[in-house]
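Visitor: Return a 3D structure for these sequence lines:
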Amino acid sequence: MNQWQIKGFGKCSSLSEAVFSEGDKVFCIIAKDSEINELVRYDLLEDELPRLDEINQGKVLGRWMRTFTEEDPNAISNEERKHSAESFFLSLFEMNDEPIEERDLLVYLFAVSLERKRVLKSIPHRSEDPEQTFVHSKTKREFLIPIVSPSLESVKNVESIIGDLLL
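Guide: Residues are numbered from 1 along each chain as shown. A predicted model of the protein is given here:
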């Protein structure tokens, strides 16, 4: 069974513990920590990205950027949520060259979510196919997505680590 570290959007850097200010660009990074065998999320300021390996003991799966707001650090607009979800989905393919079980679940959940928002379009497939092709509407890039049957618990666990980024 997968273990997940539950964490809301941070108000300070996971690396320096510097408090975020209104308008700061905060990068949210999802990684699988090899020491504790859990998915973790780090919130870093843009200039701290090169120092990620100081706190990350595993494989980075993906990332997205958000603009920090002091009103409600957990609230993001629908447009920002859609853009962040799209950025995270694309980063899942740019940052990974080896299979990681949790990555397949993240890729599948975000593909289905982004299809509903018309960011991706699915190509019909046969029911026995282990993968399905999705096309990115803007770039026409094709993604081969493993078909996963997520449990309710696994979906809740994903939501706990990525906040309300799923659309």
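
Visitor: Which element, helix or strand, includes residue 32?
Guide: Under the criterion of DSSP states H and E, residue 32 resides in strand 25-33.

Visitor: Then residue 85?
Guide: Short version, using DSSP H and E: residue 85 is in helix 78-94.

Visitor: for residue 71, same thing?
Guide: Counting by DSSP H and E, residue 71 is part of no helix or strand.

Visitor: Over to residue 121?
Guide: Short version, using DSSP H and E: residue 121 is in strand 120-122.

Visitor: and the next element down the chain from that strand?
Guide: From strand 120-122, the next helix or strand downstream (DSSP H and E) is strand 131-136.

Visitor: hang on, the earlier thing: what lines up beside the strand holding residue 121 in the sheet?
Guide: Neighbouring strands of strand 120-122 in its sheet, by DSSP bridges, are strand 131-136 (antiparallel).

Visitor: With adjacent residues omitted, what lies nearest to residue 22?
Guide: Nearest non-adjacent residue to residue 22, counting by Cβ to Cβ, 6 or more residues apart in numbering: residue 70, 4.9 Å away. (Glycine included, C-beta is placed from N, CA and C.)

Visitor: For the strand holding residue 121, which outside residues touch it?
Guide: The list of residues contacting strand 120-122 from outside it, by Cβ atoms under 8 Å, 6 or more residues apart in numbering, reads 89, 111, 114-115, 132-137, 143.

Visitor: how near is the residue nearest to residue 22 to residue 19?
Guide: Distance, residue 70 to residue 19, by Cβ to Cβ, to the nearest Å: 10 Å.

Visitor: now swap in residue 67 and tell me
Guide: The gap separating residue 67 from residue 19 is 15 Å, by Cβ to Cβ.
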